[in-house]
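> take a look and give me a structure for this.
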Amino acid sequence: MIPEVIKIRKNTAILIGLGIMVTGFVGVLAGYKFVAWRQGLVTLQSTNIQSPQEVGLFNRGEMFPDVKLVDLNGDSVNTHDFIREKKTVVMFLTVGCTPCTDAINLWKTYADRFPGNMLIVGICAGERESAKAYSEETGFPFSLYCDTDFTFMAKYKIRRFPSFVGLTENGVIAFLQHGFRADFDPLDVVTAISSNE
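Predicted coordinates:
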């Protein structure tokens, strides 16, 4: 064979090999970062917080942000489309979270005891299909929306599941709680929201 052809084939093989190695390294690194992030969620969601002081970057007295989510049908929805003109409790959930399931089971028992001007919604971290299956599995009786690309949860640092944010009819944050407590009475949220109007 001609030496130049051998040299070109050798260089091509080296470049292809380097490309495969770099691609493999980036894939492993991305997988590691995702697994570490997910393990962080699992660790936080399994923690039963007893003295809630904060939920992400939300503060009492501030407006709840208007962000784009996806409903279980795959349609885009903005939060301000469903939180206006009703007192609202937003439940932040994630699929497979045992404390989230416990909270859902508790809130289900109160579903028919909330006043007519009260709206309960869930915002689930993750893909719509998983959230839909989780909603069916748990019998979630309220509207559920998805933060499919985790931008809302990441931007507002929602890292504890479940977390609850109570809003006045004007969308002002009046109640914050993270973690699940079996002794918690969901009607206390109604009282907290009403006392802040």
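> need the contact partners of the host helix or strand of Lys132.
Using DSSP states H and E, Lys132 falls within helix 128-138. Residues outside helix 128-138 that contact it (Cβ atoms under 8 Å, 6 or more residues apart in numbering) are 70, 72, 74, 93, 95-96, 101, 104-105, 122, 124, 140, 144, 146, 148. Using the backbone N, CA and C atoms, a C-beta is placed for each residue, glycine as well.
> what are the buried residues along the following helix or strand past that helix?
Where DSSP H and E defines the elements, the next helix or strand beyond helix 128-138 is strand 143-147. Under the neighbour-count criterion of 16 or more other Cβ atoms under 10 Å, strand 143-147 has Leu144, Tyr145, Cys146, Asp147 buried.
> between helix 128-138 and strand 143-147, find me the angle.
Angle of strand 143-147 versus helix 128-138, following axes from the mean of the first three to the mean of the last three Cα atoms, to 10 degrees, is 150 degrees.
> state the mean pLDDT of strand 143-147.
Averaged across strand 143-147, pLDDT comes to 95.
> please renumber so the chain begins at 27
Yes, from this point I'll number from 27; that puts the last item at strand 169-173.
> which other helices and strands does it contact?
strand 94-97, helix 105-109, strand 144-151, helix 154-164 (3 or more Cβ pairs under 8 Å, 6 or more residues apart in numbering; DSSP states H and E).
> wouldn't Cys172 be in contact with Val96 here?
Yes: between Cys172 and Val96 a contact is recorded at 4.7 Å, counting by Cβ atoms under 8 Å.
> what segments of the protein are helices?
For the chain, applying DSSP state H gives helices covering 29-71, 105-109, 124-135, 154-164, 177-181, 213-221.
> now those in TSV, with mean pLDDT, distance to His204 and mean neighbour count?
Formatted as TSV, the helices of the chain follow (pLDDT from 0 to 100; distance: least, Cβ to Cβ, whole Å; neighbours: other Cβ atoms under 10 Å):
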stretch	mean pLDDT	distance to His204	mean neighbour count
helix 29-71	65	9	11
helix 105-109	87	19	17
helix 124-135	93	10	18
helix 154-164	94	19	17
helix 177-181	90	13	16
helix 213-221	86	13	16
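> alright, calling it a day.
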